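# need a structure here:
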Amino acid sequence: LLINGVAPLAVEGAPLLLPVVAGALDIGPSAFFLAAAGAGGLDAYLFASGAEVPFIGLPAGAVAGLLLVPLTVVSAGVGVALGSLKN
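Numbers count the residues shown, from 1 in each chain. Predicted structure coming up:
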């Protein structure tokens, strides 16, 4: 179910994401650290504000955190990996 639900989104979103990732690779590790800080900050803001998802009633920080926390970890990891490759 996860593969059938996520794979089409990844394939259809690729033409939009590839130029963004290429630009971030051109800038360097700081772009990935900025993306990690942005995703982590957004999740922290959603938790702090107490926003809820309409019609569901769950906290928005928890729901969005399912995507934002792994995105933060992966972005920071890519930034660290690119930073270590430049040395």
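# For the rest of this, base every contact and every neighbour count on C-alpha atoms.
OK.
# mind listing what the residue nearest the centre of the chain touches?
The centre of the chain sits closest to Leu71, judged by Cα atoms, centre = their mean, with a distance of 3.2 Å. Contact analysis of Leu71 by Cα atoms under 8 Å, 6 or more residues apart in numbering lists Ala36, Ala39.
# SS state for it?
helix (DSSP: H, G, I helix; E, B strand; the rest coil).
# buried sites along the lowest-mean-pLDDT helix or strand in the chain?
Lowest on mean pLDDT, DSSP states H and E among the helices and strands of the chain sits helix 2-27, with a mean of 82. Neighbour-count burial for helix 2-27, counted by 16 or more other Cα atoms under 10 Å, picks out Ala24, Leu25.
# helices and strands around it, which ones?
Packing partners of helix 2-27 (3 or more Cα pairs under 8 Å, 6 or more residues apart in numbering; DSSP states H and E): helix 29-49.
# Can you name every helix or strand that the helix it packs on contacts?
Using 3+ Cα pairs under 8 Å, 6+ apart, helix 29-49 is in contact with helix 2-27, helix 60-85.
# in stretch 57-66, what counts as buried?
Quick answer for stretch 57-66 (16+ other Cα under 10 Å): Pro59, Ala60, Gly61, Ala62, Ala64, Gly65.
# okay, the helices and strands packed on helix 29-49 in CSV with distance to Ala44 next?
Listed next are those as CSV, based on distance: least, Cα to Cα, whole Å:
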stretch, distance to Ala44
helix 2-27, 23
helix 60-85, 7
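# hmm, back to that, I'd like the buried residues of stretch 57-66 as CSV, with distance to Val53 appended.
Shown next, in CSV, are the buried residues of stretch 57-66 (distance: Cα to Cα, whole Å):
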residue, distance to Val53
Pro59, 6
Ala60, 5
Gly61, 9
Ala62, 10
Ala64, 9
Gly65, 12
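# and which of those residues is nearest to Ala14?
The closest of those to Ala14 turns out to be Ala64 (Cα to Cα; 21.0 Å).
# now that closest one: how far from Ala35?
15 Å (Cα to Cα, to the nearest Å).
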